[in-house]
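Student: Quick one, what's the 3D model for this:
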Amino acid sequence: MIGFWILAPVMVAAALGVLFARKAVHAALLLAVVMIGLAIMYAIQDAPFLFAVQIIVYTGAILMLFLFVLMLVGVDASDSVVETIRRQRVLSILVGVLFGVVLALGVAQVSVGAVTGLDGAQPEGNVPALAQLLFSRYVFAFEATSALLITAAIGAMVLAHRERVEPKVGQPERAAQRMREYAEHGRSLTPMPTPGVFARHNAVDTPALLPDGTAAEGSVSRVLVARGTIRSAPGLVDDVAVVSGSVGGREETTSGVKPAEAGGGPSGPIAGDPSSLRPDDETIDEQGLGDQRRGDRG
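Tutor: Prediction:
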């Protein structure tokens, strides 16, 4: 009785805290206090199985699931607490009063006789007696609970299942798709280099240079291309010369740029495309840089 009078006020206070707590996490923690107190009540009454189930299943699993959902969803005290259903507070008070009346009537009808004691009520032990009651007197309720749990599990599987709109694409299908795109549209089979690859810096507005010295179209974002903020071809000529010289076995040279056309931009099919500006000896001589190169050698 001493344990009951100690735990009962704590459990009642924690239960009231669950009702009036403003933060959902605090309410869940107070609910854990209620569940732990109930488990201790089971232990005081020599029910070790119910004590273990209360701690492991309810406090350790279900309540932790509540906390996980609260942390995941992010329920905050700033959320609106305005009632969305009219008269639900009045209805809840009415249901609570009716529940209290039914509970009082049930307690009043209990006949208190001589104390039997746990040894007389359960001579074979707590767990065997509980199993005997479940599978004899309360077998229908046990099976109904099992059906409810199975229905809930199947419902969760159905809700979480997603039908595929298209067939699953595997590695062979992806390879065949790349081959078709290469044959029909000339798209590269391998991933293209990112901006700045084989160039002298890794700025996002600098087109990547392929091993043959040409610029990789599509290496720069289409947004930058539409805005016209990509690095122009004259700024890439030095990089083109370095890559071309290393591939062709030629020495690194100081390259020149062909005169621009009437539009003021570099010549070529696309403005700013360095593929048409690959330096050669003839271009270098036109710009008067050949003598300078030969003078540097001398």
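Student: what about Ala208, distance to Gly186?
Tutor: Per C-beta to C-beta, to the nearest Å, Ala208 is found 18 Å from Gly186. Where you see a C-beta, it was placed from the backbone N, CA and C, and this is true even at glycine.
Student: So those two - more neighbours on which side?
Tutor: Ala208 (20 against 7; other C-beta atoms under 10 Å).
Student: Pretty sure that one sits against Ser219.
Tutor: Yes: the criterion here is C-beta atoms under 8 Å, and Ala208 meets it with Ser219 at 3.8 Å.
Student: Can you pull the poorly scored residue ranges out of the protein?
Tutor: Along the chain, segments meeting pLDDT under 70 span 75-85, 111-119, 192-202, 211, 213, 230-298.
Student: so what are the domain limits for it?
Tutor: The record's domain parsing of the chain by automatic domain parsing lists 1-75, 194-297.
Student: Count the residues that sit near Glu166.
Tutor: Neighbourhood size, Glu166 [other C-beta under 10 Å]: 5.
Student: The chain should start at 125 in everything you say after this.
Tutor: Yes, from this point I'll number from 125; that puts the last item at Glu290.
Student: ok but it is inside a helix, no?
Tutor: No: Glu290 is assigned coil when assessed by DSSP: H, G, I helix; E, B strand; the rest coil, not a helix.
Student: Whatever helix or strand Leu187 lives in - contacts with which helices or strands?
Tutor: Following DSSP states H and E, one finds Leu187 within helix 187-197. The helices and strands touching helix 187-197, judged by 3 or more C-beta pairs under 8 Å, 6 or more residues apart in numbering; DSSP states H and E, are helix 148-168.
Student: Could you list the residues in contact with stretch 283-294?
Tutor: Residues external to stretch 283-294 that are found in contact with it (C-beta atoms under 8 Å, 6 or more residues apart in numbering): Gln301.
Student: Which neighbouring elements make contact with the helix or strand where Ala176 lies?
Tutor: Assigned by DSSP H and E, Ala176 falls within helix 172-177. When contacts are defined as 3+ C-beta pairs under 8 Å, 6+ apart, helix 172-177 sits against helix 148-168, helix 250-258.
Student: out of these, nearest to Ala350?
Tutor: helix 148-168 (47.8 Å; C-beta to C-beta).
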